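In: for reference, the sequence and a predicted model appear below.
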Amino acid sequence: MSESFSRSEVVNPGKLFWAIVLILVLTCPSAVLANELISATSKGKIDEVKSLLASGTDVNATKSNGMTALHFAAGKGYTEIVNILLAAGANSNAKDNKESTALLFAATFGHLKSVKAMLVAGAAVDAPSNTGSTPLIMSSEKGHQQIVKYLMGANADVNAKRDTGETALYLAARHGHAEIVKLLLEANADVSAKDPNGTTPLMLSSYGGHSEIVKTLLAAGADPNTIDKSGWSALLVATLGGHSEVVSALLAAKAAIETKNPEDATALWIASQNGHTEIVKLLLAAGANANVKDSESVTVLMIAAEKGHTDIFKALLATGADKVALHTNSARILRNPQQWYAMDVLEAVLVEDESKNNGFTALWMAAAKGHPEIVKILLDAGEDANSQVTYCIPALWMASGGGHVEVVKLLLDAGADANASLSDNTALKLAISEGHDEIAKLLEAHGAKE
């Protein structure tokens, strides 16, 4: 059987909505209409919000998380709805289950007009969440410059702290918001405020490579030589991050150049390890000690050799770094066996007789890790290719086992003994066992025997 409908029988969607609303009002007005108000608010439906309020819906009703319609309107920047809700009696200081106010939402998400409306309505400018975050802290962290400026005009506390000790300045410095940093400092924000670990805004901006902020903080009196509880200074973290412009600014501010981290590594050592050539040059020009050692007796030259940073190695040698200095701590190798090969043989030698502990040289490090340019520099400078200072472990043996063809060639050409051995394991035997056929042929051509 077919059915037909006339135009008059088609239900008008708008009328249907209000019919449903009327039914809901008659059956369960408070809870349902409150949800309708919050839903309409979150979708930015101004007319529905007005109608629901006109029907007597509780403007301060909350969801299970404690959020009111005002929280949603402010958080989404629906300023017209914010004003409607406030005019209807919305509590400008209502807090959700995390003690966050609508003003905090507006500040966090960057809605300046909503922030203004909330403050005009009497919202508390410094009301914190349950973690201590205030509107100024959140807007500073998120980079909302105009909101920061407006909040400070409303006398927001520029030195308020989160429970974790973070201030607005601390967070602006960490995230690279240079203009906000300037605004906060102009309002007398504490340039030396520390978190519980002793970390300062200067340290954070130095680590992040925010050179403009670093210069601003230093000009405002930040101490470049503060050390946090973990043993790090601004210069050390800037060096670790490879930020040469920041390092330059800190050196100009008289940052202590020989400060050491918990592993006894100076800025020069860290820069040499991580391949930050420009920073190495800056530090050397400022008088950094080119022969400093870390807690395991590794010099800056050795770490540059091990990592294969040729330009840094050259710069260190040119400044007088000791090319024959010895690293005497075998624990570094034993602790990191995955970095080496034939570990069973090495371990036996290293722990068998500590009286043989004469140490590891830069040549040995470079050969073992396969850095031919550095090996050549050292050999050209007169290093002995047959030096046995390293636990009687020849550099050729290490290069052969590691498959470093170019290094093996250099050592053999410099007169290294092709029959170099370790605990009855010759370089040739090791090369064969490791599958380095080209090296095995080179050794045999120089008279090596298994």
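Out: Great, that's in hand.
In: which residues touch residue 385?
Out: 379, 395, 396, 411, 414, 415, 416 (CB atoms under 8 Å, 6 or more residues apart in numbering). The C-beta positions use only the backbone N, C-alpha and C, and glycine is treated the same way.
In: surely residue 209 meets residue 247?
Out: No: the criterion here is CB atoms under 8 Å, and residue 209 misses it with residue 247 at 10.0 Å.
In: please enumerate the shared neighbours of those two.
Out: Residues within reach of residue 209 and of residue 247 at once, by CB under 8 Å, 6+ apart, are residue 238.
In: what about the strands in the protein?
Out: 421-422, 425-426 (DSSP state E).
In: if we can go back for a sec, lowest-confidence one in the contacts of residue 385?
Out: Ranked by pLDDT, the contacts of residue 385 bottom out at residue 395, which has 86.
In: on that earlier part again, neighbour count: residue 209 and residue 247, which is higher?
Out: For the pair residue 209 and residue 247, the greater number of neighbours falls to residue 247 (29 against 18), based on other CB atoms under 10 Å.
In: could you chop the chain up by domain?
Out: Following automatic domain parsing, one finds the domains of the chain at 16-88+102-120, 131-226, 327-450.
In: redo those domains as CSV? Include distance to residue 265.
Out: Listed next are the domains of the chain as CSV, based on distance: least, CB to CB, whole Å:
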stretch, distance to residue 265
domain 16-88+102-120, 39
domain 131-226, 16
domain 327-450, 13
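In: which of the ones you listed has the highest mean neighbour count?
Out: For these, the largest average neighbour count (mean count of other CB atoms under 10 Å) is found in domain 131-226, namely a mean of 21.
In: off-centre distance for it?
Out: Distance, stretch centre to chain centre, for domain 131-226: 17 Å (CA atoms, centre = their mean, to the nearest Å).
In: can you tell me which of the contacts of residue 385 are in helices?
Out: 379, 395, 396, 411 (DSSP state H).
In: can you list the contacts of residue 385 in JSON lines and add distance to residue 315?
Out: Shown next, in JSON lines, are these (distance: CB to CB, whole Å):
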{"residue": "379", "distance to residue 315": "19"}
{"residue": "395", "distance to residue 315": "23"}
{"residue": "396", "distance to residue 315": "27"}
{"residue": "411", "distance to residue 315": "24"}
{"residue": "414", "distance to residue 315": "24"}
{"residue": "415", "distance to residue 315": "28"}
{"residue": "416", "distance to residue 315": "27"}
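In: now do the contacts for residue 140.
Out: Contacts of residue 140 by CB under 8 Å, 6+ apart are 148, 168, 169, 171, 172, 177, 180, 184.
In: ok, and the closest non-adjacent residue to residue 406?
Out: Leaving out its chain neighbours, the residue that sits closest to residue 406 by CB to CB, 6 or more residues apart in numbering is residue 372, at 3.9 Å.
In: is the one you found in contact with residue 402, as I believe?
Out: No: counting by CB under 8 Å, residue 372 stays clear of residue 402, with 11.8 Å between them.
In: which parts of the stretch 1-150 of the chain are helices?
Out: Along the stretch 1-150 of the chain, the segments classed as helices by DSSP state H, counting those that start in this stretch run 13-27, 29-42, 46-54, 69-76, 79-87, 102-108, 112-120, 135-142, 145-153.
In: those: which one's closest to residue 163?
Out: helix 135-142 (11.1 Å; CB to CB).
In: still on that earlier bit, for the strands of the chain, give me a markdown table that also has mean pLDDT and distance to residue 164.
Out: Shown next, in a markdown table, are the strands of the chain (pLDDT from 0 to 100; distance: least, CB to CB, whole Å):
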| stretch | mean pLDDT | distance to residue 164 |
| --- | --- | --- |
| strand 421-422 | 72 | 53 |
| strand 425-426 | 82 | 55 |
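In: among those strands, which is nearest residue 87?
Out: Short answer: strand 421-422, nearest of these by CB to CB, at 87.1 Å.
In: quick one: strands adjacent to the closest one?
Out: Strand 421-422 has its sheet partners listed here by DSSP bridges as strand 425-426 (antiparallel).
In: returning to what we had before: dump the strands of the chain to a markdown table, plus distance to residue 444.
Out: Formatted as a markdown table, these follow (distance: least, CB to CB, whole Å):
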| stretch | distance to residue 444 |
| --- | --- |
| strand 421-422 | 15 |
| strand 425-426 | 11 |
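In: thought residue 373 was touching residue 310?
Out: Yes: counting by CB under 8 Å, residue 310 is a contact partner of residue 373 at 4.6 Å.
In: please enumerate the helices of the stretch 201-350 of the chain.
Out: Under DSSP H, counting those that start in this stretch, the stretch 201-350 of the chain gives helices at 201-208, 211-219, 234-241, 244-252, 267-274, 277-285, 300-307, 310-318, 331-335, 343-352.
In: in a markdown table: the ones you listed, plus mean pLDDT and distance to residue 53.
Out: Output for these, formatted as a markdown table (pLDDT from 0 to 100; distance: least, CB to CB, whole Å):
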| stretch | mean pLDDT | distance to residue 53 |
| --- | --- | --- |
| helix 201-208 | 98 | 45 |
| helix 211-219 | 98 | 46 |
| helix 234-241 | 98 | 53 |
| helix 244-252 | 98 | 54 |
| helix 267-274 | 97 | 61 |
| helix 277-285 | 98 | 62 |
| helix 300-307 | 89 | 68 |
| helix 310-318 | 93 | 70 |
| helix 331-335 | 45 | 69 |
| helix 343-352 | 43 | 76 |
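In: output those in TSV, with distance to residue 133 appended to each entry.
Out: Compiled in TSV, the helices of the stretch 201-350 of the chain are given as follows (distance: least, CB to CB, whole Å):
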stretch	distance to residue 133
helix 201-208	17
helix 211-219	21
helix 234-241	25
helix 244-252	28
helix 267-274	34
helix 277-285	36
helix 300-307	42
helix 310-318	43
helix 331-335	42
helix 343-352	51
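In: can you pull out the low-pLDDT segments for the chain?
Out: Scanning the chain with the threshold set as pLDDT under 70 gives 1-33, 324-359, 387-392.
In: sorry, back to before: so which of the domains of the chain gets nearest residue 316?
Out: Closest approach to residue 316 among these (CB to CB): domain 327-450, 9.5 Å.
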